[in-house]
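Novice: Generate a structure from the sequence data that follows.
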Amino acid sequence: MNWGTKIVMGMSAFMVFIVAMVIYMFHMHGKDALIEENYYEKGINYNAEFDAKQNVFQDDAKPKITITSTQIVIQLKDGAQYDLLLMRPADSNDDIKLKGTTTGTSNLILVDRAKMTKGMWFLNLSWRNNAGKKYLFKNNITL
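Specialist: Numbers count the residues shown, from 1 in each chain. Prediction:
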């Protein structure tokens, strides 16, 4: 084998590598959990998000989170309508979105963790109390 053949084989192997990487990147597009689809809109609405986070501190309304072997129990200060998003950084297909109202006089949010994999989860809880005040709480939990 002469040097010209080796150069052509090396270039073709490099081209196959580049094409394989392009195919892989297109296949993985949209499956990354760390990228928001509407991050421009979130940037425009940042003040409302900041105010909701501040309301948690001003009203001392930080939720109490208890993790048991079968469920995640989140207790709020007052009754509320909530939007709960549990995001798994490793795989966006595992994300859990819940909406509803708190249950009982203890103002609980119950999440079944039977199908949740172990590891770190991003918890994003936004709620509106009965008076209409908005709150936002973000935290990392480990199961």
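Novice: going forward, measure contacts between C-alpha atoms and count neighbours the same way
Specialist: OK.
Novice: Tell me where the model's unsure across the chain.
Specialist: Scanning the chain with the threshold set as pLDDT under 70 gives 29-37.
Novice: all strands for it, in order.
Specialist: Taking DSSP state E as the criterion, the chain carries its strands at 64-67, 71-75, 80-87, 96-101, 108-112, 120-129, 134-142.
Novice: mind checking which of those strands is nearest Val22?
Specialist: Minimum separation from Val22 across the strands of the chain (CA to CA) falls at strand 80-87, 27.0 Å.
Novice: how far is the closest one from where the chain is centred?
Specialist: Offset of strand 80-87 from its chain centre (CA atoms, centre = their mean, to the nearest Å): 11 Å.
Novice: same thing with stretch 61-73?
Specialist: The chain centroid and the centroid of stretch 61-73 are separated by 17 Å under CA atoms, centre = their mean.
Novice: circling back to that earlier point, turn the strands of the chain into JSON lines, columns for mean neighbour count and distance to Tyr40.
Specialist: Below are the strands of the chain laid out as JSON lines (neighbours: other CA atoms under 10 Å; distance: least, CA to CA, whole Å):
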{"stretch": "strand 64-67", "mean neighbour count": "12", "distance to Tyr40": "31"}
{"stretch": "strand 71-75", "mean neighbour count": "17", "distance to Tyr40": "30"}
{"stretch": "strand 80-87", "mean neighbour count": "19", "distance to Tyr40": "19"}
{"stretch": "strand 96-101", "mean neighbour count": "14", "distance to Tyr40": "21"}
{"stretch": "strand 108-112", "mean neighbour count": "17", "distance to Tyr40": "30"}
{"stretch": "strand 120-129", "mean neighbour count": "18", "distance to Tyr40": "19"}
{"stretch": "strand 134-142", "mean neighbour count": "16", "distance to Tyr40": "19"}
